[in-house]
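>>> Okay, predicted coordinates and the sequence, questions at the end:
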Amino acid sequence: MANHQTAEIKFNQLEMRSPAMQELIAQKPSLLSRFNMVFFGVILLCLLFFSWMIKFQESVIAPVYFFASNISSQEYVYVTALANTQDIQKIDTGQLVELTMNVTSDTSQRHFKGHVNFISKVSSNNAIEVKITIINPTEFNRTFQTKSHTVIYGKAKIITKSKRLIDKLFQNHFEMSIK
């Protein structure tokens, strides 16, 4: 028993004296450090995924297509939309709306932002009327006061806040027309 311990001590001393062995031991990572690297890597990936999911949950952009035939000089527009019940539940007052309008008379494109002011159900076929208050009405009026009879079409993005992530992944788009 004593011989075994003496041999082990001599081996340890020899191991400590050998620079090649010391370099080999220094280069080889221990099992614990490998576990730590994998563990922290998994935690980092989880944090990145959850931060992406939270960001995805904050704003859902639903592209909405509309046309307008007579926009008068005003601070708001009324939008009539055909939507299913799930889409109607996603629209709420105060939500941001981004309007991209293409004017056919001069082939120009205008961008405006507004907020959903009022929502009402129009008919039994899930048509709703949305009143959108324009954020910058001066620019809106300047753009369209001379083009009141020009057909205008474009795309609107309604930024909604859904309660469930699955609703956002499988969201149905709906069409709108400004009247």
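Sure thing, it's come through.
>>> Can you tell me how far the nearest residue to residue 113 once chain neighbours are set aside is from residue 34?
The shortest distance from residue 113 to any non-neighbouring residue, by CB to CB, 6 or more residues apart in numbering, is to residue 135 (4.6 Å). C-beta coordinates here come from the backbone N, C-alpha and C atoms, glycine included. Noted for residue 135: a distance of 55 Å to residue 34, by CB to CB, to the nearest Å.
>>> For those two, indicate the residue with more neighbours.
residue 135 (15 against 10; other CB atoms under 10 Å).
>>> List the backbone torsions phi and psi for the more buried one.
phi -70, psi -40 (degrees, to the nearest 10).
>>> low pLDDT regions in the chain?
1-32, 51-92, 99-108, 121-129, 140-179 (pLDDT under 70).
>>> Kindly report the domain assignment for it.
Domain assignment for the chain by automatic domain parsing gives 2-57, 60-178.
>>> is it true that residue 98 lies in a strand?
Yes: counting by DSSP: H, G, I helix; E, B strand; the rest coil, residue 98 is located in a strand.
>>> so it touches residue 116, yeah?
No: here residue 98 does not reach residue 116: they are 11.8 Å apart, not a contact under CB atoms under 8 Å.
>>> the more surrounded of the two?
The neighbour comparison of residue 98 against residue 116 (other CB under 10 Å) goes to residue 116, with 20 against 17.
>>> tell me which element the more buried one is part of?
Per DSSP states H and E: residue 116 is located in strand 108-121.
>>> Return the set of buried residues in that strand.
110, 112, 114, 116-117, 119 (16 or more other CB atoms under 10 Å).
>>> The residues you listed into a markdown table, with extra columns for distance to residue 131?
Converted to a markdown table, these look like this (distance: CB to CB, whole Å):
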| residue | distance to residue 131 |
| --- | --- |
| 110 | 19 |
| 112 | 15 |
| 114 | 9 |
| 116 | 8 |
| 117 | 4 |
| 119 | 8 |
